[in-house]
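Colleague: what follows is a predicted structure for the sequence shown.
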Amino acid sequence: MLKNHLLIAFRNLKKHKFYSLINILGLSVGVAVCLIISLFVINEISYDRHFTNADRIYRVHSDIVFGGNHWDMVLAPAPMAEVLPQEFPEVEAAVHFRGRGSYLVKKGEENIKEDGVIWAGKDFFKVFDLQVLQGNADGVLSEPNTMAISQKAAEKYFPGQDAVGKSLILDHDMEFRITAVYEDIPVNTHFHFDFLLAAAGLDEAKRIVWLSNNFQTYLLLREGATSQDLETKFDHLIKKHIEPEIAQVFGEGAGLETLSSSGGKLEFSLQPLLDIHLKSDLLGEFEPNFNITYVYLFVAIALFILVIACINFMNLSTARSANRAKEVGIRKVMGSFKIHLIRQFLLESLVISCVAFVLAIPAVVLALPVFNDLAGRSLTIPFSDLAFYGILVLGAGVTGLMAGIYPAFYLSGFKPIEILKGKVSLGMKSGMIRSSLVVFQFSISIILIIATMVVFKQLDYIQNKKIGFNKDQIITVDDIFALQDNRQAFKEEVLKNSMMESGTLTGFLPVSGTWRSDSPWWAEGKDPKQTENLVSMQNWEVDYDYIKTLGMNMVDGRDFSIEFPSDSNAVIINETALRNLHFEGNPIGQKIYSLAGGEQLSMDSTTFRTVVGVVENFHFESLKENIGAVMIFLSENPTGIASFRFQSQDTEAVIAHLEGTWNRFAPGQPFTYSFLDDRFGNMYASEVRLGKVFGIFAGFAILIACLGLFALAAFTAEQRTKEIGIRKVLGSSVGNIMLLLSKEFTKLVLISFVIATPLAWFAVNSWLQDYEFRTEIGWAVFIAAGLFALVIALATISFQSLKAATSNPVNSLKSE
């Protein structure tokens, strides 16, 4: 019986090549997209699960409101990693990290820039059970000036050797002895480090200061302990360790109530390790994370595209039911039961599904590198995993059943007497279902088109919005500390070339990934013990040419000038700082105060600077954030990054000039450059990827929907051949015939547009709420998306309509 069903199934596929091809092509595209998204989603949800105790590892999350700012961050006080295991029995071990950017690592006579460097606490390998390949995990990172390196780093700096016991020199003068070599951190981990420096040698890590939050802190809880139990004890931790420091700063008796009375807040909570990659976007993340909402979205898109492909099969099967009606009638007369016919039609669906899955695999192989490049991932097809083939077989079966179950029951339900009398009607119900499915297809397609357009509209808004500085025509050179005492001389030598307009030396730039530092300040005449008078501000150390080079605009006062020696203690503030400080009268010439640095913070020890200017607000973080308060002052020894504004359009010549000058001043040191507008664009790389992914998926959805529409149009024209012939004989024009055949499908696309528009508006409006500064959506986006879908649909059916309208009526009527 099975052999007979298979034989009939393949005969039908061969007999109706055009419709079989449409079904197989649509399904294979849908399956390929579904497989790629499945690989992506599986990869995203696998992050950090390779750690044995992943379900017991948590990260400290700080939620602080103070001085007009809100910090929702992964940074905690330095002493916390040591105190928590000592005072709370729920904590088995804790480790903290402190990032200080990239380092130069000496190899032979050259220095290599390394980004994967972090200062780490001694219990790193207790919390994160990476395999130690050389050395002993016990005692690693417990001594100052020691380090552990990854297997990749060991092979890079000590090929074919045992790296343990050897030393590496960082940033010219810091020597670290290697005590362990550990396995490379897997790709699906939320952090990646090749060099772990012992935090025991970091002065900042040894300071007992609880009001400074600069360390990422991770905890390993004991078996049976819960994060909720530990979180309830954080109030005790704050009262014991943090409130005494608050009282020291604000006076005896001050505590959390002092902060709360002015709208402040200080809270700690625990974030599960397995939630970090998909559910965390906090200040101080090691690497950009993904968003669980996008995972759900991509899963929905994958299913929708597969469903759209299945709808094509359903529509074509039910539309062509009249062609198989006699087969059904004869089979029933010859003794076939309904269940036999259902099996036959389902088997045909399964055959098409299996063929589609087989064709989808090479399509995925070809498309995966493109997707990896787009998504910034390294996905591979797990050909060596037997479970993968089992999932493919299961998927082919489910897809075949999903696509074929309605046509199978519909076709097997024909009554043989009616069929053999020639009274076969496709039925109003069947036609309504087909129309509904077409509407569903195009509704999804239009939603994806609108989403794509809005994402790119927001990106265009970001690129063209006035951001308070001129990011174009600025080239940056990193790691200028390698120039040592020649930084200023390097700047002056670069500016001797007529291509260069101006330059500045500082690591504080208005793009993410550069330096940041903040502290509370208050205006002259205000009582700092009243916390509402405190303003937390970014403190940026720059040189005289900073404002000029970055093209910022002064709105009051003046820029720094070498003609004013007193500018060494001057400050320029932005408009947000001006508003928050609440000066009495003209701010120019007034003083702002802050706590003096040192081991002990106290209101009895302060420092001040004099305001000489106010700069227009400029964005220094993503447009998702409001513009915070910033103060800019002169550095005694500016370093970090050299930024140069150039006039020439010949960027290659500019780069060559910079590199040549660099090699004269810093021979053997790596020359690393970038453009400020690229750094700015990198802040929105995820949005660019999202827009491209939406565009591609929208394209596939439209393609599959149009394949079905094309086939339905062909079948409609075929069914109405005689009608068209009679109409032509009676004088209908080609245009009238085309309008007749296109009218029904146009109506369906318009209904799709009406359904898709409110759904799309709700979705894109929700997405835009993440941005403090966002574009207006406008009706033009929706109208453009609807017109695009309509044009594509009309172009798809016009071929079949034109073919039917221009056919010779004699050929269709000669048998009448």
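Modeller: Yep, that arrived.

Colleague: burial of Lys471, as a residue count?
Modeller: Using other C-beta atoms under 10 Å, Lys471 has 20 neighbouring residues. The way it works is simple: take the backbone N, C-alpha and C, and place the C-beta from them, glycine included.

Colleague: which phi and psi does it have?
Modeller: Phi and psi for Lys471, reported as degrees, to the nearest 10, are phi -80, psi -10.

Colleague: ok, now Gly513?
Modeller: Backbone torsions of Gly513, given as degrees, to the nearest 10, read phi 90, psi 0.

Colleague: I'd guess Phe697 is in a strand, am I close?
Modeller: No. With DSSP: H, G, I helix; E, B strand; the rest coil as the criterion, Phe697 is helix rather than part of a strand.

Colleague: now it, nearest residue through space, not along the chain?
Modeller: Ile301 (5.1 Å; C-beta to C-beta, 6 or more residues apart in numbering).

Colleague: can you check Gln134 too?
Modeller: Nearest non-adjacent residue to Gln134, counting by C-beta to C-beta, 6+ apart: Val181, 3.9 Å away.

Colleague: what about Phe193, how many neighbours?
Modeller: By other C-beta under 10 Å, the residues close to Phe193 number 23.

Colleague: just say helix, strand or coil for it.
Modeller: Quick answer, by three-state DSSP: Phe193 is coil.

Colleague: confidence score at it?
Modeller: pLDDT, Phe193: 97.

Colleague: same check, this time on the one 5 residues further on
Modeller: Ala198 is assigned a pLDDT of 96 by the prediction.

Colleague: wait, it sits on Ser142?
Modeller: Yes. Using C-beta atoms under 8 Å, Ala198 is in contact with Ser142, at 6.9 Å.

Colleague: which one of the two has more residues nearby?
Modeller: Ala198 (24 against 14).

Colleague: who touches that one in this structure?
Modeller: Counting by C-beta atoms under 8 Å, 6 or more residues apart in numbering, Ala198 touches 119-120, 122, 141-147, 176.

Colleague: thinking again about what came up before, burial check on the residue nearest to Phe697, number of neighbours?
Modeller: 24.

Colleague: which strand or helix spans it?
Modeller: Secondary structure assignment for Ile301, by DSSP states H and E: helix 292-319.

Colleague: pull the distance from that helix to the chain's centre.
Modeller: In this view, helix 292-319 has its centroid 24 Å away from the chain centroid, taken as C-alpha atoms, centre = their mean, to the nearest Å.

Colleague: try stretch 523-532
Modeller: A distance of 41 Å separates the C-alpha centroid of stretch 523-532 from that of its chain, computed with C-alpha atoms, centre = their mean.

Colleague: coming back round to it: the residue nearest to Gln134 belongs to a strand?
Modeller: Yes. Val181 sits within a strand when classified using three-state DSSP.

Colleague: which residues touch it?
Modeller: The contact partners of Val181, taken as C-beta under 8 Å, 6+ apart, are 132-135, 148-151, 154, 163-164.

Colleague: again with Thr531
Modeller: Thr531 sits in contact with 66-67, 250, 258-259, 261-262, 264, where contact means C-beta under 8 Å, 6+ apart.

Colleague: and the gap between it and Gly628?
Modeller: Separation of Thr531 from Gly628 (C-beta to C-beta, to the nearest Å): 17 Å.

Colleague: re earlier: put the buried members of the contacts of Ala198 into a PyMOL selection.
Modeller: In PyMOL, a selection of the buried entries from the contacts of Ala198 looks like this (16 or more other C-beta atoms under 10 Å):
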select buried, resi 119+120+122+141+146+147+176
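
Colleague: now do the shared contacts for Ala198 and Ser142.
Modeller: By C-beta under 8 Å, 6+ apart, Ala198 and Ser142 have these common neighbours: Lys122.

Colleague: just the strands in the stretch 201-350 of the chain please.
Modeller: Along the stretch 201-350 of the chain, counting by DSSP state E, counting those that start in this stretch, strands occupy 213-221, 265-272.

Colleague: excluding chain neighbours, what is closest to the spatially most central residue of the chain?
Modeller: Centroid-nearest residue in the chain, with C-alpha atoms, centre = their mean: Ser686, separated by 3.9 Å. Nearest non-adjacent residue to Ser686, counting by C-beta to C-beta, 6+ apart: Pro288, 6.5 Å away.
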